[in-house]
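> Provided below for reference: sequence and predicted model.
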Amino acid sequence: MTEEIFEYPVYVSRESGTSKPLLLFSAKATDIDRWVGVPQRRRLSDSETVGWQREESRARLRELAHFFSDERNVVQNPLLGALQDPLAVTFVEDPQHPNFGHLTIRSRSVDGLTLLDALERVCHRLEERVPALREHPLDPDRRRAILDQARDQNEGWHTQFSDEEDTDQEELAPEDLSSDSETVEQSVDLTSVLLVEETQILDFYQELKIRASILREMIPEQRPDTLAGFSIDAMLSYLRPIVLVDGQHRLHGAVYAAQNFTGTQEGMELAAEGINRGEDPDLTNRKVLELKARSLPISLLLDPSPSEHVFQFVVVNQKATPMQPALLGTIVSTSLSKEETEPVADRLRRAGIPFDDSQAVAYMTRSSDSPFKGLVQTGIGGDASGLLKWTVLKSLTAIFRELKGGKLFGQSVDFADLWRRKLLEDSEFVSAGQTLESKQIIWQAADGPWRDVAIKFFWEIRTRFGDDDPNSHNAWGNTNSNLYNKIHLTILSADYFQFLTDRDLTLSSVADVTQTMDSWLQGVNLQYFNRDWRVGLKKDQKAVRERWAKVWVEYRKDPERLPRVENYKP
């Protein structure tokens, strides 16, 4: 495989005595595109990558390409890059000019690169970041599902595999193929100790390894360039020597502007002149492309740490151009392993980034223990309609984690806070604390007691009142229902804490949640939410919120008969 070498004179800037140097230089957009990776957070088939860039907006790329087509237009913001493969980047300071130096970037050509090669290289990169991944066996059920998906996409695959060939002997030991679910659960439990539960790295690694194992079984000549949503192009962002932290639209907009020029009359005439001189057509087209390619300014951070990359990206995008809370939370809490998260967590908190909230919500949306798994917006392209907003789940988790926000609409008392002040100290959950403050710290830790309590509470709500049919009036997972929405989930949470406070009940175990909910909902008709209320109004408005809270509380205290439907309309 050939190697391309790019060399640039650079200006060296250090913002502090301990910070890594920033290298400031410029390069042709078409050259940058050959040595920079843009790890996007997006769906590949039914999986997610572990990148942190947003998916590209085609409309924005067209706008920028049009902007760059006018040579008078200039964008002053530099692209922000960082090391991804330190061995491929060399920086030498000029001994006679301390603020200047020479940068060399070596980028392997992708010519001849196969999907199997790309998958194995990305796996190796992830194993370098998180060595514990090497010890984790492949999930045989997931492997069969991916193989079935690949067969559906390519009808000829049934001739290349038989059902008996659905396992990779090189990757899976016989004991790993056991149908005993306990074996799989034990391996998952082991990994949950090694990795943050919220991280997507393990799942992404599994997706890569499974596809690689399938490709190795195939005859080399019949291996496809795309397998179950994973393509070579999607993998390249993890293999380039430099990672782009910010500026993907500017870069690709400039590249597209140059590509558009090659299709103009002037561009085609220049290409024809080169070909008539006997030049290779591909070389001629590349010369024409580079002729109009912009030289873009770049700020390169000489730091290969993934945690630093995510930190820089989040700070830039949250402080300058805030992104959707759902996507920000997804990226912050799922792009790094536990070891990578720890050094950057405090910095994110001090920078005003809602790191703890992101971790809490990410667990609730991704853990198989949670009743919200897969039913909350992630901010990634492909979110289904009817999902609960990330910000709504954030406010619901705050009621249980921070013990704040437990107010019934139309009332001023925060019952979650009142329960905290009156009854948290008596909870066995936090008996290790000596003061109310220390007990609250124990309670609201990322994996503190709040999480088990919240999960149990909402599972009980889902089981007692909900229905998995998305078209039912009490559907769980569809915000069009009477139950699965910001208003009623908040009302139920606040009223539960009101009940605990009124009865002077603390919580010392998960079993206490079930027992207290039995008392709280005694006599309540579990079909309460399974009726057509015919409100005909937007739910999230003051009059509706307050009416629904009033109707619920009055009914719960005297549940002899269900409220009349017209009572729900203010």
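That came through, no problem.
> what residues are up against residue 520?
By CB atoms under 8 Å, 6 or more residues apart in numbering, the contact set of residue 520 is 495-496, 499, 556. Bear in mind the C-beta positions are built from the backbone N, C-alpha and C, glycine included.
> most neighbours of all these, which one?
residue 496 (25 neighbours; other CB atoms under 10 Å).
> list the contacts for it?
457, 516-517, 520.
> which residues of the stretch 51-200 of the chain score low on pLDDT?
51-56, 109-111, 152-200 (pLDDT under 70).
> now the chain
Looking along the chain with the criterion set at pLDDT under 70, you get 1, 40-56, 109-111, 152-200, 307-356, 379-383, 537.
> strands along that one, start to end?
3-13, 22-28, 36-37, 43-44, 47-48, 79-83, 89-94, 97-108, 226-227, 230-231, 242-246, 295-301 (DSSP state E).
> so how many other residues sit close to residue 498?
22.
> related to what we said a few turns ago, now the strands of the chain in JSON lines, with distance to residue 552?
Shown next, in JSON lines, are the strands of the chain (distance: least, CB to CB, whole Å):
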{"stretch": "strand 3-13", "distance to residue 552": "60"}
{"stretch": "strand 22-28", "distance to residue 552": "57"}
{"stretch": "strand 36-37", "distance to residue 552": "51"}
{"stretch": "strand 43-44", "distance to residue 552": "37"}
{"stretch": "strand 47-48", "distance to residue 552": "37"}
{"stretch": "strand 79-83", "distance to residue 552": "50"}
{"stretch": "strand 89-94", "distance to residue 552": "61"}
{"stretch": "strand 97-108", "distance to residue 552": "61"}
{"stretch": "strand 226-227", "distance to residue 552": "50"}
{"stretch": "strand 230-231", "distance to residue 552": "47"}
{"stretch": "strand 242-246", "distance to residue 552": "46"}
{"stretch": "strand 295-301", "distance to residue 552": "53"}
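> so which of the ones you listed is the most surrounded?
strand 242-246 (a mean of 25; mean count of other CB atoms under 10 Å).
> closest to residue 442 out of the contacts of residue 496?
residue 457 (18.9 Å; CB to CB).
> and the closest one, how far from residue 513?
6 Å (CB to CB, to the nearest Å).
> please apply the same query to residue 451.
12 Å.
> these two: which has the busier surroundings?
residue 451 (23 against 20).
> which residues touch that one?
Residues near residue 451 by CB under 8 Å, 6+ apart: 360, 363-364, 400-401.
> return the residues in contact with the nearest residue to residue 423 once chain neighbours are set aside.
Of all residues not flanking residue 423 in the chain, residue 506 sits nearest, at 4.3 Å (CB to CB, 6 or more residues apart in numbering). Applying CB under 8 Å, 6+ apart to residue 506 gives the contacts 423-424, 426-427, 500, 512.
> residue boundaries of the helices in the stretch 301-450 of the chain?
306-319, 325-334, 338-350, 355-366, 390-401, 415-423, 436-443, 449-465 (DSSP state H, counting those that start in this stretch).
> which one of the strands of the chain lies nearest to residue 151?
strand 226-227 (10.9 Å).
> now do the contacts for the closest residue to residue 369 other than its chain neighbours.
Nearest non-adjacent residue to residue 369, counting by CB to CB, 6+ apart: residue 455, 5.8 Å away. Contacts for residue 455 were tallied using CB under 8 Å, 6+ apart; they are 364, 367, 369-371.
> what separation is there between residue 455 and residue 461?
For residue 455, the distance to residue 461 - CB to CB - is 11 Å.
> which neighbours do those two have in common?
Joint contacts of residue 455 and residue 461 (CB under 8 Å, 6+ apart) are residue 371.
> count of neighbours near residue 488?
Around residue 488 there are 22 residues (other CB under 10 Å).
> how far away is it from residue 79?
46 Å.
> again with residue 99
On the measure of CB to CB, residue 99 and residue 79 end up 21 Å apart.
> residue 252 against residue 32, yeah?
No. Between residue 252 and residue 32 there is no contact under CB atoms under 8 Å: 9.9 Å.
> ok, these two, which is more surrounded?
In this view residue 252 and residue 32 are compared by other CB under 10 Å, and residue 32 has more residues nearby, 26 against 21.
> quick one: residues contacting that one.
79, 251, 296, 298.
> which one of those is nearest to residue 529?
Distance ranking of those against residue 529, using CB to CB, places residue 251 first at 49.5 Å.
> what's the burial count for the residue nearest to residue 556 when sequence neighbours are not counted?
Excluding the flanking residues, the one nearest residue 556 by CB to CB, 6+ apart is residue 524, at 6.0 Å. Neighbour count of residue 524, defined by other CB under 10 Å: 15.
> same question for the one 4 residues further on.
With neighbours defined by other CB under 10 Å, the count for residue 528 comes to 21.
> ok, residue 219 next?
7.
> from residue 489, how far out is it?
53 Å.
> just residue 148 next, same as before
Per CB to CB, residue 148 is found 36 Å from residue 489.
> domain ranges for this structure, per the record?
16-82+237-298, 115-224, 384-568 (automatic domain parsing).
> make TSV from those domains and add distance to residue 103 to it.
Conversion of those to TSV gives the following (distance: least, CB to CB, whole Å):
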stretch	distance to residue 103
domain 16-82+237-298	6
domain 115-224	22
domain 384-568	40
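> indicate which one of the ones you listed is closest to residue 9.
Once these are compared by CB to CB, domain 16-82+237-298 is nearest, at 6.7 Å.
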